[in-house]
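Student: Kindly generate the corresponding structure for this input.
(chains A, B, C and D)
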Number of protein chains: 2
Amino acid sequence: MRAADAVSTTTGYLLLKLATLAEARMEQTLRPFRLRGRTLRVLAFVDGGEVSQRDLCRQTGLDRTTMVAVIDELEAHGFVRRDRSLSDRRKQVISITEAGRRTLGEALAALRHTEDDFLAPLDPDGRRQLHRLLSALFAAHDPRCQPDEPPEPGER
Amino acid sequence: MRAADAVSTTTGYLLLKLATLAEARMEQTLRPFRLRGRTLRVLAFVDGGEVSQRDLCRQTGLDRTTMVAVIDELEAHGFVRRDRSLSDRRKQVISITEAGRRTLGEALAALRHTEDDFLAPLDPDGRRQLHRLLSALFAAHDPRCQPDEPPEPGER
DNA sequence: CACTGATCGTCAGTTAGGCTGACGATCAGC
DNA sequence: GCTGATCGTCAGCCTAACTGACGATCAGTG
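Tutor: Numbers count the residues shown, from 1 in each chain, chains lettered A, B, ... in the order given. Below you'll find the model as predicted:
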């Protein structure tokens, strides 16, 4: 077996390539809605209720300065509103607008359709299997539910 | 179900996140070998025999100017050699060096180890299933074996 | 009350990645 | 010998993302 094939048939490489392909389709699907992967994701979190930008950073893992740009973009399209918090005037209260909620719903529906399309080559059972396996693997690697050993006293 | 969860539990999102995690580990594994994902991949193709940079572009899908940088990097570390082709003096003949071949072998072995580690949360059967499903999905979406409809006469 | 340290959002500046366009050198066909 | 195409190279641009600094604000202290 050639070395090039040894790389190309790796599970990790397949994962990477498929993710790239899927991402491109997702971005393409979102374009008509004036959304991108990250902005949709943030918008979905805003839909949960009023939050500060800092909250969104913690929830999405995005950088604080990147979040400024994402909110700017969402605000420019009228999907969210920025208001100073009354209780803590350092914070911005981000809330979803009616247009934002509607667009979010439509975008999610379109995204589901695109994903179905992308997974169509697999039979329904295969799709379930894939989702199950990816979920299990993700849960095992997700830093938020890392089964980290009890912190040692001398550790920093 | 909250909109945020509707996004996070998507197969496409899981794919993307897992690919990101896997890629980070791969890059980390390759660092001691002075290789990166792309450079390793190119090196693997060079190992197949003497090729021109253009050939490598076609095989890997990288841009021609990006390839210059990749070869530069590989050459700087002594993994490949650049020679003018005798039959076509426009072309550079890229050939792997002894150090390149040795490093490639070691890096591939390390990569296999990292991947096993990454997939460890799944049982052996689950790992096989995952690889099978990803392979099938990739084959269906790979542009190189696209089952494109016969080109219509009036099409451009 | 003033003072100190921390937090939040913002912006400027830097870095890295990749691409476009142009170039010289070379080839193939006429 | 011309003409058009190909190969590798480089300069320049664009995007994404992060670092560091900043003003505004808060909480806690004396």
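Student: do you know how far A:Arg2 is from chain B?
Tutor: Applying C-beta to the nearest C-beta, to the nearest Å, the value for A:Arg2 to chain B is 5 Å. The way it works is simple: take the backbone N, C-alpha and C, and place the C-beta from them, glycine included.
Student: Can you classify the nearest residue to that residue once chain neighbours are set aside as helix, strand or coil?
Tutor: Using C-beta to C-beta, 6 or more residues apart in numbering or on different chains and skipping residues adjacent in sequence, the residue nearest A:Arg2 is B:Gly48, 5.3 Å away. With DSSP: H, G, I helix; E, B strand; the rest coil as the basis, the three-state label of B:Gly48 is coil.
Student: Pretty sure B:Gly48 sits against A:Val7.
Tutor: No - counting by C-beta atoms under 8 Å, A:Val7 is not a contact partner of B:Gly48; they are 11.4 Å apart.
Student: neighbour-wise, which of those two wins?
Tutor: The neighbour count for B:Gly48 versus A:Val7, taken as other C-beta atoms under 10 Å in any protein chain shown, is higher for A:Val7 (20 against 15).
Student: quick one: that one and chain B, what's the gap?
Tutor: Distance, A:Val7 to chain B, by C-beta to the nearest C-beta: 5 Å.
Student: confidence score at that residue?
Tutor: pLDDT, A:Val7: 90.
Student: which residues touch it?
Tutor: A:Tyr13, B:Leu40, B:Arg41, B:Ala44, B:Leu108 (C-beta atoms under 8 Å, 6 or more residues apart in numbering or on different chains).
Student: and the gap between the spatially most central residue of chain A and DNA strand C?
Tutor: Nearest to the mean C-alpha position of chain A, counting by C-alpha atoms, centre = their mean, stands A:Arg41 at 4.6 Å. A:Arg41 is 17 Å from DNA strand C, where distance means C-beta to the nearest atom of the strand, to the nearest Å.
Student: and the biggest helix by length in chain A, anywhere near chain B?
Tutor: Criterion DSSP state H: the longest helix present in chain A is helix A:98-119. Yes - using C-beta under 8 Å from any C-beta of the partner chain as the criterion, contacts between helix A:98-119 and chain B involve A:Leu104, A:Leu108, A:Leu111, A:Glu115, A:Phe118, A:Leu119.
Student: and that helix, C-alpha only, in CSV?
Tutor: Backbone C-alpha positions of helix A:98-119 (Å, rounded to 0.1, in the frame of the first residue of the first chain) are rendered in CSV as follows:
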residue,chain,number,x,y,z
GLU,A,98,-38.8,38.9,15.7
ALA,A,99,-37.0,38.8,12.4
GLY,A,100,-34.1,36.9,14.0
ARG,A,101,-36.4,34.3,15.5
ARG,A,102,-38.2,33.8,12.2
THR,A,103,-34.9,33.6,10.2
LEU,A,104,-33.5,31.2,12.8
GLY,A,105,-36.4,28.8,12.3
GLU,A,106,-36.2,28.9,8.6
ALA,A,107,-32.5,28.5,8.6
LEU,A,108,-32.6,25.5,10.9
ALA,A,109,-35.2,23.9,8.7
ALA,A,110,-33.1,24.4,5.6
LEU,A,111,-30.1,23.1,7.4
ARG,A,112,-31.9,19.9,8.3
HIS,A,113,-32.9,19.5,4.7
THR,A,114,-29.3,19.9,3.6
GLU,A,115,-28.0,17.5,6.1
ASP,A,116,-30.6,14.9,5.1
ASP,A,117,-29.4,15.4,1.6
PHE,A,118,-25.7,15.0,2.6
LEU,A,119,-26.4,11.8,4.5
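Student: Packing partners of that helix?
Tutor: In terms of contacts (3 or more C-beta pairs under 8 Å, 6 or more residues apart in numbering or on different chains; DSSP states H and E), helix A:98-119 is packed against helix A:11-30, helix A:37-46, helix B:3-8, helix B:11-30.
Student: DNA strand D is nearest to which of the ones you listed?
Tutor: If you check each of the helices and strands packed on helix A:98-119 against DNA strand D by C-beta to the nearest atom of the strand, helix A:37-46 wins as the nearest, at 6.5 Å.
Student: in the closest one, what counts as buried?
Tutor: Within helix A:37-46, the residues that count as buried by 16 or more other C-beta atoms under 10 Å in any protein chain shown are A:Gly37, A:Thr39, A:Leu40, A:Arg41, A:Val42, A:Leu43, A:Ala44, A:Phe45, A:Val46.
Student: shaky segments in chain A?
Tutor: For chain A, residues meeting the criterion pLDDT under 70 lie at A:1, A:143-156.
Student: okay, stretch A:130-145 in CSV with CA atoms only?
Tutor: Output of stretch A:130-145 as CSV, limited to C-alpha atoms (Å, rounded to 0.1, in the frame of the first residue of the first chain):
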residue,chain,number,x,y,z
LEU,A,130,-23.2,7.3,12.4
HIS,A,131,-25.0,9.8,14.6
ARG,A,132,-24.7,7.4,17.5
LEU,A,133,-21.0,6.7,17.0
LEU,A,134,-20.2,10.4,16.5
SER,A,135,-22.2,11.4,19.6
ALA,A,136,-20.4,8.8,21.7
LEU,A,137,-17.0,9.9,20.5
PHE,A,138,-17.8,13.5,21.0
ALA,A,139,-19.0,13.0,24.5
ALA,A,140,-15.8,11.2,25.3
HIS,A,141,-13.7,14.1,24.0
ASP,A,142,-15.8,17.1,24.9
PRO,A,143,-13.8,19.2,27.3
ARG,A,144,-16.9,20.2,29.1
CYS,A,145,-17.6,16.6,30.4
